[in-house]
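Participant: missing the sequence, but the structure's below:
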């Protein structure tokens, strides 16, 4: 190994010899550490890179000395940045649904997980996102995730430029067309309930307006069978909303009710079920089998809301039932409030 001498502290260029494709190596000093034998400081040296020509090695070393950087940061992969960011307070303070969205977006970038983060640029990111074949909405979520990762990387001098802001995700303005289930379609669900017990979960959402996540988070302790009410759904400033149990689904709730378990709708092991698992294992297969496919579970909530709205129910009462945030709705439930909610819910007929 032949060494080309340079000024002290400048770095070194070596010819590694042999029949190598890139025989010229460049080493630089990246720090100092104490020598346990001598007690003196000694240099910590790392390879800057390997080059085909000596001129290329000289140019790389000169460029490095113009603006020395932490070589170790250049090796950090996208998945490393994501894992580090997930341990920050910025990530930990996010809602569970937002964390899940970021996790799904990260999984979409599987082909880039082992790429050095500092090597990513606009063109590379655009290709990676386009190759996922995702909708503009999902691409936007991926872009948001990358934006957070770049903010983290900039903060710790891993990169100097945020390329995520230049990503084109396409048109996200198009809205999903929600369907409203008809009387005949809902009757088909009731008629097949004995064939598949999980149809009860679909009927439950149709008669409560619950989101799928709200249904799966409903705990046994929050169900009052005596007064036929449930405390659950979207959280407000004062807690969870109180919702009457429609007379049509009282038996469904009672059949599911078991004080030995924490959740009303649960896994076979009795644990909390994720929304994704519910859709894949139960909702999608049932709706496909009955030829009732739509755009997703939210169609049930949309059906409930549209039907309730057709009864000209008091706006404040409907907002309470649906869990819509609004300044004119307080979180205090009186006996009259609950009676009004029960009266409104019982109007529902499909």
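Facilitator: Alright, I've got the coordinates. All figures in this text were calculated on a predicted structure; none of them were measured in a lab. Numbering: from 1, shown residues only.
Participant: Show me which helix or strand of the protein is least confident by mean pLDDT.
Facilitator: strand 2-4 (a mean of 54; mean pLDDT, DSSP states H and E).
Participant: Could you identify the helix or strand that succeeds that one?
Facilitator: For strand 2-4, the following helix or strand on the C-terminal side (DSSP states H and E) is strand 12-15.
Participant: So for the very next helix or strand once past that following strand, what gets flagged as buried?
Facilitator: For strand 12-15, the succeeding helix or strand toward the C-terminus, using DSSP H and E, is strand 24-34. Applying a neighbour-count criterion of 16 or more other C-beta atoms under 10 Å, the buried positions in strand 24-34 are 24, 25, 26, 27, 28. All C-beta atoms are positioned from the backbone trio N, CA, C, and that covers glycine.
Participant: How about stretch 214-230?
Facilitator: For stretch 214-230, the neighbour count (16+ other C-beta under 10 Å) marks 214, 215, 216, 217, 218, 222, 223, 228, 229, 230 as buried.
Participant: Serialize those to CSV and add fields for secondary structure, distance to residue 121 and pLDDT.
Facilitator: Compiled in CSV, those are given as follows (DSSP: H, G, I helix; E, B strand; the rest coil; distance: C-beta to C-beta, whole Å; pLDDT from 0 to 100):
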residue, secondary structure, distance to residue 121, pLDDT
214, helix, 42, 92
215, helix, 44, 95
216, helix, 41, 95
217, helix, 41, 94
218, coil, 47, 95
222, helix, 50, 95
223, strand, 54, 96
228, coil, 60, 95
229, strand, 56, 93
230, strand, 52, 92
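Participant: Under the pLDDT cut-off, which ranges of this protein? List them.
Facilitator: Flagging of the chain using pLDDT under 70 yields the residue ranges 1-7, 67-72, 173-177, 233-240, 324-336.
Participant: From residue 94, how far off is the residue nearest to the spatial centre of it?
Facilitator: With the centre of the chain defined as its mean C-alpha position, the nearest residue by C-alpha atoms, centre = their mean is residue 101, 1.4 Å away. Counting by C-beta to C-beta, to the nearest Å, the gap from residue 101 to residue 94 is 9 Å.
Participant: quick one on the thing from earlier: once you drop chain neighbours, what's closest to the residue nearest to the centre of the chain?
Facilitator: Take residue 101 and drop its neighbours on the chain: the residue closest to it by C-beta to C-beta, 6 or more residues apart in numbering is residue 141, 5.5 Å away.
Participant: swap in residue 181?
Facilitator: In space, not counting the residues next to it along the chain, residue 181 is nearest to residue 303; the distance is 4.7 Å by C-beta to C-beta, 6+ apart.
Participant: now for the one helix or strand the one you found maps to, which elements pack on it?
Facilitator: Residue 303 is part of helix 298-309, with elements assigned from DSSP H and E. On a contact count with 3 or more C-beta pairs under 8 Å, 6 or more residues apart in numbering; DSSP states H and E, helix 298-309 meets helix 199-208, helix 315-322.
Participant: got a list of contacts for the first one?
Facilitator: Read it as helix 199-208. Taking C-beta atoms under 8 Å, 6 or more residues apart in numbering as the criterion, the residues outside helix 199-208 that touch it are 181, 186, 189-190, 192-193, 210-212, 215, 230, 243, 245-246, 248-249, 252-253, 255-256, 265, 278, 282-283, 286-287, 297, 300-301, 303-304, 345, 348, 350.
Participant: and what of the shortest one?
Facilitator: With C-beta under 8 Å, 6+ apart as the test, helix 315-322 has contacts from 209, 241, 243, 301, 305, 308-309, 326, 328-329, 337, 340-341, 344-345.
Participant: now stretch 156-174
Facilitator: 69-70, 73, 76, 81, 117-118, 120-122, 125-126, 129, 136-137, 139-140, 142-143, 146-147, 149-151, 153-154.
Participant: domains in the chain, as residue ranges please.
Facilitator: 2-68, 78-166, 183-345 (automatic domain parsing).
Participant: name the element residue 140 belongs to?
Facilitator: helix 136-155.
Participant: Does that helix pack against any helices or strands, and if so which?
Facilitator: Other helices and strands packing on helix 136-155, by 3+ C-beta pairs under 8 Å, 6+ apart, are helix 78-85, helix 89-92, helix 96-108, helix 122-131.
Participant: can those go into TSV with extra columns for distance to residue 47?
Facilitator: As requested, the helices and strands packed on helix 136-155 are arranged in TSV below (distance: least, C-beta to C-beta, whole Å):
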stretch	distance to residue 47
helix 78-85	20
helix 89-92	33
helix 96-108	30
helix 122-131	24
